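Trainee: got a structure for you, letters missing:
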């Protein structure tokens, strides 16, 4: 898996890109959380859930279906609670879906594990992408330390951090001028 840092950074970047107004910053944080959440499945190891099972790591929680369910649930809650500065429903749903599904995308680009069950529960097959430059992160806080942590963080700085930074800068400096600006 990629680390929680890489997942959160990509989720927040998607938030900034899809909901650029500063008033939407809380939604960027929710997108970051959605991007990290699929790894909650590691709690299954404590209960003896096999890695390769439907409920195992990178299984159902990393699927496209899980992203649809999570985005739909959170948007439904947002509509009920009606928070201030709520973005358009469709745009919010797209953000939360993309942030959640981005988790599996990053994991499918790592150098280890069993792959990602994108099509679970209908298809148990797990997938990796042909391009796998991100160093796999050890599972567990205790194992994510020292040389292993630096190896993963350097890899993510290159393959997640730099692209996110370029997207942020591109949005900032390449956006069109407002229509009512005098020429």
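Mentor: Yes, it's here. As the structure is a computational prediction, the values presented were derived from the model and not from experiment.

Trainee: From here on, just use CA atoms for contacts and neighbour counts.
Mentor: OK.

Trainee: tell me the contacts of residue 152?
Mentor: 2, 3, 134, 135, 136, 137 (Cα atoms under 8 Å, 6 or more residues apart in numbering).

Trainee: what element comes up after the helix or strand harbouring it heading to the C-terminus?
Mentor: Secondary structure assignment for residue 152, by DSSP states H and E: helix 146-156. Next in sequence after helix 146-156, counting helices and strands by DSSP H and E, comes helix 162-174.

Trainee: circling back: give the buried residues for the helix holding residue 152.
Mentor: 149, 152, 153, 155, 156 (16 or more other Cα atoms under 10 Å).

Trainee: same deal with stretch 21-38?
Mentor: Buried, per 16+ other Cα under 10 Å, within stretch 21-38: 24-25, 27-38.

Trainee: Adding pLDDT and secondary structure, write these out as TSV.
Mentor: Shown next, in TSV, are these (pLDDT from 0 to 100; DSSP: H, G, I helix; E, B strand; the rest coil):
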residue	pLDDT	secondary structure
24	95	helix
25	95	helix
27	96	helix
28	97	helix
29	97	helix
30	98	helix
31	98	helix
32	98	helix
33	98	helix
34	98	helix
35	98	helix
36	97	helix
37	98	helix
38	98	helix
